[in-house]
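# Requesting a structural model of the entry that follows:
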Amino acid sequence: MDSANPLLRNVTGRTAERRRAAVDEPGLEEIIGRNVRELRTTAGLTVAEMADRIGISKAMLSKIENANTSASLSTLSLLATGLDVPVTSLFRGADAEREAVYTPRGTGPRIARNGTRVGHEYESLGSLRGRHKRLESLLVTLTENSETYPVFQHPGTEFLYMLEGIMVYGHSRQTYRLTPGDSLILDGEGAHGPTELVELPISFLSIIAFPDSMV
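Residues are numbered from 1 along each chain as shown. Now for the predicted structure:
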């Protein structure tokens with residue numbers, strides 16, 4: 001992993017000390033420098049080649065990439081032109097606020113789905129609309145047996161994780177016996193749903209990632 005752009009950090013020390021520590025947000029110069037470096041390397045250019053292309057010194061470009069100087073608007077325009085990207089691409093990641101959804105246990109709203117009429121309960125654990133996809137999470141509880149079972153079809157990919165009980169779950173032409181700890185990832189376009197409730201009560205997580213076209 002590039003040490004200049006770490007995604008995960010393992011911080012040592014006592015838990016209380018880590019909890020009090022402030023989140024280390026990168027400054028604007030760091031964000032611009034990181035983006036310039038990533039775009040340059042993606043384009044297959046060395047620092048010297050990039051500097052020569054846009055008409056600035058190699059030392060100046062190196063300072064920009066290492067956040068040792070603030071680039072002027074005219075220099076940012078030259079960088080964007082040389083990298084063949086919009087100027088806004090150089091500021092990617094500068095929006096410090098990132099959305100998160102927190103749902104305390106038992107407080108998610110109950111929603112109606114195809115299975116509600118046969119005793120299936122659906123509790124929303126929240127949904128998040130990211131840059132490219134919408135993620136929806138549900139806690140599904142089945143407490144009543146029934147001779148009929150709902151069949152679902154939807155765009156996107158669904159992940160199921162069994163928490164309690166045993167059921168047989170069908171997807172397209174296949175069936176899967178799911179017990180606590182089992183998981184199933186499926187293409188939502190294929191008809192799917194429980195085909196047999198073996199041991200009640202049953203509860204499982206259902207997480208759906210909808211495609212770009214639905215965002």
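# The closest residue to residue 134 other than its chain neighbours: what's it in contact with?
Computed as CB to CB, 6 or more residues apart in numbering, the closest residue to residue 134 that is not its neighbour in sequence is residue 210, at 4.6 Å. C-beta coordinates here come from the backbone N, C-alpha and C atoms, glycine included. Going by CB atoms under 8 Å, 6 or more residues apart in numbering, residue 210 touches 133-136, 154-156.
# roughly how far apart are residue 210 and residue 191?
Residue 210 is 18 Å from residue 191, where distance means CB to CB, to the nearest Å.
# Starting from the lengthiest helix in the chain, tell me the next helix or strand along the chain.
Longest helix in the chain by number of residues (criterion: DSSP state H): helix 28-42. Later in the chain than helix 28-42, the nearest helix or strand by DSSP states H and E is helix 47-54.
# and that following helix with helix 28-42, angle?
Helix 47-54 runs at 100 degrees relative to helix 28-42, counting by axes from the mean of the first three to the mean of the last three CA atoms, to 10 degrees.
# and helix 47-54, what other elements does it pack with?
helix 58-65, helix 73-83 (3 or more CB pairs under 8 Å, 6 or more residues apart in numbering; DSSP states H and E).
# tell me the most buried of these?
The highest mean neighbour count among the helices and strands packed on helix 47-54, using mean count of other CB atoms under 10 Å, belongs to helix 58-65: a mean of 18.
# measure the residue nearest to residue 134 to residue 183 for me?
Residue 210 sits 19 Å away from residue 183, going by CB to CB.
# just residue 83 next, same as before
Relative to residue 183, residue 83 is positioned 41 Å away (CB to CB).
# next one: residue 158
Counting by CB to CB, the gap from residue 158 to residue 183 is 11 Å.
# same check, this time on residue 67
In this view, residue 67 and residue 183 are 42 Å apart by CB to CB.
# Distance from the chain centre to the helix or strand hosting residue 166, please.
Using DSSP H and E, residue 166 maps to strand 157-171. How far strand 157-171 lies from its chain's middle: 22 Å, per CA atoms, centre = their mean, to the nearest Å.
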